[in-house]
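Q: Predicted coordinates and the sequence they were generated for:
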Amino acid sequence: MHNRRNSLSQQVIETVGERIRSGRYGPGEKLPTEHELIEEFGVSRTVIREAIANLRAGGLVTPRQGVGVFVSETPFTQPFVLEAGGGGVLAEAVAVLELRIALEVEAAGLAAARRDGETLKAMGRALDAMDLAIAAGGEAIVPDLAFHRAIASGTGNYHFVNLFNYLGEYLVPRSRLNTSALAQESRGDYLRHINDEHMRVYEAIEAGDSEAARGAMRLHLVGSKERLAQGAG
């Protein structure tokens with residue numbers, strides 16, 4: 001279902017993007033409403049919102065609170081768009097983890113150097129929520145995302161937050177794969193292992209130790225990559 005939603009979202013992105021580039025939707029012009037786009041494309045609200053978030057990340061559109069979504073005044077810079085490669089879902093998940101390593105290791109270091117109480121509280125809430133989700137037998141995707149989003153916010157650099165929000169569920173491989181099976185662990189053991197790694201990142205950020213935070217985040221993400229690579233071999 002998730003792959004189908006991504007495919008539908010990509011269709012909306014390509015169609016609306018082409019209309020902007022061709023001038024059908026001119027700079028500063030308001031896009032059709034969310035409801036109109038849902039009717040036109042025959043897709044869900046979630047698909048439309050994901051497409052708009054992608055177009056926004058690419059600099060093509062600008063939402064205005066309570067007014068609508070508008071074509072950017074200078075929309076023709078080359079946008080960054082995360083697209084599936086040709087190697088399948090597993091290869092894509094590994095590729096996204098490599099991107100995350102490059103970004104989130106430094107984000108952890110910055111969050112440690114600039115640590116504040118709100119960041120630590122948000123991380124702590126996410127750790128607790130993940131423990132509860134694991135105990136309930138869930139996948140704990142939402143608290144996992146919340147933990148990493150708190151670190152992105154803790155950098156004090158909104159570009160990290162914007163890119164994090166753009167990537168969304170791409171950040172969590174188990175939203176598309178049975179990662180515990182690939183790692184040859186029970187789901188509960190697999191998720192507890194992940195949250196133990198989160199805790200080490202939290203402790204380093206709490207201590208204000210940037211190098212330790214970078215190291216803990218690298219171990220976490222490289223470990224995730226290696227667990228996926230087991231299934232690719």
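A: Nice, I can see it.

Q: remind me, longest helix of the chain?
A: Counting residues, the longest helix in the chain under DSSP state H turns out to be helix 88-113.

Q: And the helix or strand following it, how far out from the chain middle?
A: Following helix 88-113 in sequence order, the next helix or strand is helix 117-135 (DSSP states H and E). Remark: helix 117-135 is offset 18 Å from the chain centroid, using C-alpha atoms, centre = their mean, to the nearest Å.

Q: Could you do stretch 93-101 as well?
A: For stretch 93-101, the distance to the chain centre is 11 Å (C-alpha atoms, centre = their mean).

Q: So for that stretch, mean pLDDT?
A: Stretch 93-101 shows a mean pLDDT of 84.

Q: quick one on the thing from earlier: centre of the chain to the longest helix of the chain, how far?
A: Distance, centroid of helix 88-113 to centroid of chain: 10 Å (C-alpha atoms, centre = their mean).

Q: Now do the buried residues in it.
A: By 16 or more other C-beta atoms under 10 Å, the buried positions in helix 88-113 come out as 90, 92-97, 100-101, 103-112. To be clear about C-beta, it is placed using only N, CA and C from the backbone, and glycine gets the same treatment.

Q: so where does Gly208 fall, helix or strand?
A: Using DSSP H and E, no helix or strand contains Gly208.

Q: confidence score at it?
A: 97.

Q: same for the longest helix of the chain, what does it pack against?
A: helix 141-154, helix 158-167, helix 187-206, helix 210-232 (3 or more C-beta pairs under 8 Å, 6 or more residues apart in numbering; DSSP states H and E).

Q: could you redo the last one with a cut-off of 7 Å?
A: helix 141-154, helix 187-206, helix 210-232 (3 or more C-beta pairs under 7 Å, 6 or more residues apart in numbering; DSSP states H and E).

Q: Buried deepest among those helices, which one?
A: Between the helices and strands packed on helix 88-113, helix 141-154 has the highest mean count of neighbours, a mean of 21, where neighbours are mean count of other C-beta atoms under 10 Å.

Q: where in the protein is pLDDT low?
A: Applying pLDDT under 70 to the chain picks out residues 1-6, 74-89, 168-185, 230-233.

Q: run the last query once more with 80
A: 1-7, 57-59, 73-93, 139, 165-187, 227-233 (pLDDT under 80).

Q: Dump the helices and strands packed on helix 88-113 into TSV; add distance to Gly59 as well.
A: As requested, the helices and strands packed on helix 88-113 are exported to TSV (distance: least, C-beta to C-beta, whole Å):
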stretch	distance to Gly59
helix 141-154	19
helix 187-206	31
helix 210-232	27
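
Q: Could you name the stretch from the ones you listed that's closest to Arg24?
A: helix 141-154 (34.8 Å; C-beta to C-beta).

Q: May I have the closest one exported as CSV, CA atoms only?
A: Extracted as CSV, the C-alpha positions of helix 141-154 are listed here (Å, rounded to 0.1, in the frame of the first residue of the first chain):
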residue,chain,number,x,y,z
ILE,A,141,7.4,4.3,13.6
VAL,A,142,5.8,7.6,14.9
PRO,A,143,8.0,7.9,18.1
ASP,A,144,11.1,6.8,16.1
LEU,A,145,10.4,9.7,13.7
ALA,A,146,9.7,12.0,16.7
PHE,A,147,13.1,11.2,18.2
HIS,A,148,15.0,12.0,15.0
ARG,A,149,12.9,15.1,14.4
ALA,A,150,13.7,16.4,17.8
ILE,A,151,17.4,16.1,17.0
ALA,A,152,17.0,18.0,13.7
SER,A,153,15.1,20.7,15.5
GLY,A,154,17.8,20.8,18.2
